[in-house]
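In: Okay, predicted coordinates and the sequence, questions at the end:
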Amino acid sequence: MLTSFLKLLRDPKATLSKDGKTLTFEGRKIPVRDDIPRFTPDESYSRGNFEKLREEHATLQFDSVNGTTDRHDTISDRTGWPPSFWKGKTVLECGCGAGPDTEILLNWGATVIAVDIAGLDIAKNNLKGHKKLQLVQASIIDLPFKEKSFDIVFCHRVLQHTPDPDETLHHMLKFVKNDGAIFIHSYANTWIQRLRWKYALLPFTRKVEPEKLYNFIKGYAPTAFKITNVLRKIPGGRVITHFLIPFLNYRHAKQFKPLTDERVIEIGVHDTFDALSPPYDNPMSAKRMRQIANQHVSRPFEIVERPMVTLMRTKI
Ligand SMILES: C[S@@+](CC[C@H](N)C(=O)[O-])C[C@H]1O[C@@H](n2cnc3c(N)ncnc32)[C@H](O)[C@@H]1O
């Protein structure tokens with residue numbers, strides 16, 4: 001276990017057993033498997049959706065595996081911070097998933113405490129060899145850490161997938177030091193987002209057994225890929241694709257240019273299932289994000305409103 005990890009816990013008396021298999025924390029015995037303390041049960045609302053994706057496509061989103069710089073560029077663009085900013089910082093990553101962002105932050109020289117409610121064994125395997133990493137199975141609505149103890153709180157593509165994003169944001173913001181930095185991402189609560197096929201279909205698709213939904217998307221993906229490629233070339237076709245066709249086709253995206261069609265379809269299957277399966281998908285408006293941030297954050301920050309995403313980031 002990372003030596004600095006115990007010091008970040010809110011229980012100053014927390015201790016790890018000699019065999020490394022139990023953490024005594026606030027009088028509870030927290031099981032530690034494969035060096036990952038498990039503050040929450042293995043079963044969670046992420047089972048069947050995000051966990052399923054991880055099982056099927058463990059490393060798909062890793063820059064180091066897919067040969068793109070997608071994650072690197074997206075984090076740089078959305079935070080507005082240079083890679084050098086992360087060096088030597090202790091980062092709380094809320095909702096790390098399989099770890100594609102974690103890998104970037106570690107490569108930039110950060111120490112990362114990466115939390116997720118599910119699927120951390122896959123992240124562990126993906127990130128093996130990284131020494132400045134501690135994975136923690138916990139809920140970002142009930143984090144076991146001391147308040148104001150992290151240099152950076154980072155939450156990317158997660159907030160909308162928690163049961164109550166307001167409450168989650170209030171909670172996460174407590175963990176950054178007064179002079180620390182924050183990056184929070186949420187899907188934007190805009191009409192261009194809300195009128196998309198996803199929000200019309202979700203009430204039905206989230207009730208479908210995940211295996212069936214996944215296989216169904218996989219089945220129609222090659223056809224949807226061809227149709228959307230043609231549609232993009234005709235006037236108005238992009239609008240039809242965006243609002244009406246339930247398949248995320250990135251063939252036109254600059255960052256995925258080097259990838260084969262097969263790989264782009266695989267990413268499409270992954271992201272379409274990711275769009276249609278989560279039990280929670282509640283985008284947050286820029287106004288709401290600002291209101292909540294104002295209650296917690298003293299260091300200057302900005303809210304960036306884009307058509308599909310809302311970002312909160314510390315000005316550095
Ligand atoms: C769309 S994935 C994003 C993963 C990662 N940040 C990325 O960009 O690849 C959302 C993640 O949030 C996690 N998550 C949802 N609710 C959570 C909670 N209450 N506590 C911790 N993680 C949670 C899910 O398990 C899933 O891994």
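Out: In hand now; what should we look at?

In: Just want to check the distance between K52 and A118.
Out: From K52 across to A118, the span is 10 Å (C-beta to C-beta, to the nearest Å). (Glycine included, C-beta is placed from N, CA and C.)

In: And these two? Which one has more around it.
Out: More neighbours surround A118 than the other of K52 and A118, with 23 against 20 (other C-beta atoms under 10 Å).

In: unless I'm mixing things up, that one is touching F50, no?
Out: Yes - with contact defined as C-beta atoms under 8 Å, A118 reaches F50; the gap is 6.2 Å.

In: interface residues of the stretch 151-300 of the chain facing the ligand?
Out: Residues of the stretch 151-300 of the chain lying close to the ligand by C-beta under 6 Å from any ligand atom are 156-158, 161-162, 274.

In: cutoff 5 Å now
Out: Within the stretch 151-300 of the chain, the positions near the ligand by C-beta under 5 Å from any ligand atom are 156-158, 161-162.

In: Any quick PyMOL command for the buried ones out of these?
Out: Buried residues among those (16 or more other C-beta atoms under 10 Å), as a PyMOL selection:
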select buried, resi 156+158+161+162
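
In: TSV for the residues of the stretch 151-300 of the chain next to the ligand, including distance to P222 and pLDDT?
Out: As requested, those are exported to TSV (distance: C-beta to C-beta, whole Å; pLDDT from 0 to 100):
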residue	distance to P222	pLDDT
H156	30	98
R157	26	97
V158	30	98
H161	28	96
T162	33	97
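
In: Next one: the nearest residue to V115 once chain neighbours are set aside from A275, what distance?
Out: Nearest residue to V115, sequence neighbours excluded (C-beta to C-beta, 6 or more residues apart in numbering): V136, at 4.7 Å. Using C-beta to C-beta, we find V136 at a distance of 27 Å from A275.

In: L53 too?
Out: The value you get for L53 to A275, if C-beta to C-beta is used, is 11 Å.

In: where along this structure do the strands fall?
Out: With DSSP state E applied, the chain shows strands at 15-16, 22-25, 28-33, 36-37, 90-94, 111-116, 133-137, 150-155, 176-187, 301-305, 309-314, listed in chain order.

In: what's the angle from the longest one to strand 301-305?
Out: Same thing as strand 176-187. Interaxial angle of strand 176-187 relative to strand 301-305 (axes from the mean of the first three to the mean of the last three C-alpha atoms, to 10 degrees): 0 degrees.

In: re earlier: show me what contacts the residue nearest to V115?
Out: 36-37, 39, 113-115, 120, 144 (C-beta atoms under 8 Å, 6 or more residues apart in numbering).

In: Look at K226 and say how many residues are nearby.
Out: Neighbours around K226, by other C-beta under 10 Å: 13.
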